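Visitor: Dropping a prediction and its sequence here:
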Amino acid sequence: MFRTHENITFVCQPIGEAYEQLFAESTERYNAGQKRNDRKIHGSYYEHLFGVKPCNNVRTAADKRKSFYEDVVQIGRMEDSGYGTEDFQLVAECLKEYMNGFQNRNPNFYVFNAVLHMDEATPHLHIDYIPIGHYKRGQDTQNGIAQALKEMGFGEGKQAIARWRSAEVEVLNQICREHGIEPLAPEKSRGTLEVAEYKEQRQKADALKTENDRAESEIEQKKSECQNLDGQITDKVAKVNEILNYLPDVEKDEKLKNKCAEIITELTEMLKSKLSIMKYKDDIIANVQKLCKLVKKVNSRADKATDTVYALREQYDKCEKERSELWQRGMERSGRINELTRNNSDLQRTVDSLTEFIDLLKRFEPQKYAEIKQVQEYVHSQQKQETQQQSTTKKKKSWGLE
């Protein structure tokens, strides 16, 4: 505010006066050509279009025409061309040169108000203009941006305004290059934001950031728990595999079975006829005795193996149950992590959007941004004082001073 006197006003004409200057004669010509009174324009052209007295706020007619258009033109950022930087005055000179040629470049955009603001964080232009179009039907001179763009050579359709902006950006770029600087690419304006709206958006952004941080912390905690569960599952699986792969004395058991099979084969051969039985009587008795001993040994080892298998089976079932429970818990944790990750992504996008929103406010309404920042600092200061007072009161009570 203390640098307001440094602002440069190029044009400052009341909008009602501008409308009279631009459209009064064409309105008279239109009315003169109308035989029916109900078809004539009564009152001023501005009131006919917008239904109110001329004012400084943008009004929109029933056919979508706006009472005026405003462009904000800025070069660089506060960090590289803001007040106190080396390029502050250089950027201002570029903007002045751009503004001095604006009306000549755009004869169908009547500029009724244009100010170069030097009292805020970064030099920037506010250009307010009324589009003028000429028509064969109806009033011959009207407010009409589509016709204005067409008459200035930018064609028709939705891309006409984009072509015009591109041409203006190139003019500004050329001016900057001639002064030895390379301008940044233009950004879309976010419009006007009131202080209360900004505070509300800022509070939402802060709350979302807090929620985002909390979600990230919870995700990290769940990931740690899942890693611990994975370790437990790995241990249980290893134990199960150890049990499944355990075969006690398999080689010895197989040798006993083979020996028994050989004796049985010999006995079968000896017992196939009465003559053979008589001939191999002693060998048969000896083999039967050997077989009895081997069978007794095999049965003993089978009993021991059965006991071992039963014990192992019980242990396996227990481990399998624990593994299943751990796996289920792991899946539940994984689902929760996925949900938190999605929520975190949504929160991050919202935070990014609000952060971009606040950056745009900082760029295009630096004065309001500064005011809000002062309010926030004051609120934080008051909160800090209250906290200190509460802390002092608690200490006094604990020391028995109150």
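Guide: The structure has been received and is ready for your questions. Numbering: from 1, shown residues only.

Visitor: where exactly do the helices run in the stretch 151-300 of the chain?
Guide: 160-178, 195-244, 250-270, 274-279, 281-364 (DSSP state H, counting those that start in this stretch).

Visitor: which residue packs closest to Ile41, ignoring adjacent ones?
Guide: His48 (4.7 Å; CB to CB, 6 or more residues apart in numbering). In short, each C-beta sits where N, CA and C put it, glycine included.

Visitor: contacts for stretch 64-77?
Guide: Residues outside stretch 64-77 that contact it (CB atoms under 8 Å, 6 or more residues apart in numbering) are 15, 46, 49-50, 54, 58-61, 81, 87, 91, 94-95, 98-99, 109, 112, 122-131, 143-145, 172, 176, 181, 183-184, 189, 363-364.

Visitor: for stretch 18-36, same thing?
Guide: 40-41, 44-46, 48, 54, 110, 112, 130, 132, 138-143.

Visitor: again with stretch 160-172
Guide: Taking CB under 8 Å, 6+ apart as the rule, stretch 160-172 contacts 73, 75, 94, 98, 101, 105-106, 145-146, 149-150, 152, 154-155, 183, 186.

Visitor: Please pick the buried ones from these.
Guide: Neighbour-count burial (16 or more other CB atoms under 10 Å) applied to these gives 73, 75, 94, 98, 106, 145-146, 149-150, 152, 154, 183, 186.

Visitor: where's Gln376 relative to Lys290, distance?
Guide: Note on Gln376: its distance to Lys290, by CB to CB, to the nearest Å, is 100 Å.

Visitor: my bad, should have said Gln174
Guide: 113 Å.

Visitor: And the pLDDT for the residue nearest to the spatial centre of the chain?
Guide: Nearest to the mean C-alpha position of the chain, by CA atoms, centre = their mean, lies Arg349 at 1.5 Å. Among the per-residue scores, Arg349 holds a pLDDT of 75.

Visitor: And Tyr246, by the same measure?
Guide: pLDDT, read off for Tyr246, is 49.

Visitor: circling back: compare Gln376 and Lys290 (neighbour count), which wins?
Guide: The neighbour count for Gln376 versus Lys290, taken as other CB atoms under 10 Å, is higher for Lys290 (16 against 12).

Visitor: How about Asp128, nearest residue that isn't a chain neighbour?
Guide: Asn113 (4.0 Å).

Visitor: Would you mind listing the buried residues in the helix or strand encompassing that neighbour?
Guide: Taking DSSP states H and E as the criterion, Asn113 maps to strand 109-117. Neighbour counts over strand 109-117 (16+ other CB under 10 Å) mark Phe109, Tyr110, Val111, Phe112, Asn113, Ala114, Val115, Leu116, His117 as buried.

Visitor: Run a quick check on the last one versus His124, I expect a contact.
Guide: Yes - checked against CB atoms under 8 Å, the pair His117 and His124 is within contact range at 5.6 Å.

Visitor: Ser276 contacts Leu267, doesn't it?
Guide: No - assessed by CB under 8 Å, Ser276 is found out of contact with Leu267, at 10.6 Å.

Visitor: who has more neighbours, the two?
Guide: Using other CB under 10 Å as the criterion, Ser276 and Leu267 rank with Leu267 on top: 17 against 13.

Visitor: I'd assumed Asn287 was in contact with the more buried one.
Guide: Yes - with contacts defined as CB under 8 Å, Leu267 counts as touching Asn287 at a distance of 5.3 Å.

Visitor: tell me the mean pLDDT over stretch 14-33?
Guide: Mean predicted lDDT for stretch 14-33 stands at 94.

Visitor: Now that stretch - C-alpha only, CSV.
Guide: Coordinates of each C-alpha in stretch 14-33 appear next as CSV, following Å, rounded to 0.1, in the frame of the first residue of the first chain:
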residue,chain,number,x,y,z
PRO,A,14,-16.0,5.2,-16.2
ILE,A,15,-17.6,2.2,-18.0
GLY,A,16,-20.9,4.0,-18.4
GLU,A,17,-19.2,6.8,-20.2
ALA,A,18,-17.3,4.3,-22.4
TYR,A,19,-20.6,2.6,-23.4
GLU,A,20,-22.1,5.9,-24.3
GLN,A,21,-19.1,6.9,-26.4
LEU,A,22,-19.1,3.5,-28.2
PHE,A,23,-22.8,2.6,-28.7
ALA,A,24,-25.0,5.7,-28.2
GLU,A,25,-25.0,6.8,-31.9
SER,A,26,-25.6,3.3,-33.2
THR,A,27,-28.5,2.9,-30.7
GLU,A,28,-30.0,6.1,-32.1
ARG,A,29,-29.7,4.8,-35.6
TYR,A,30,-31.3,1.5,-34.7
ASN,A,31,-34.2,3.2,-32.9
ALA,A,32,-34.7,5.5,-35.9
GLY,A,33,-35.2,2.5,-38.1
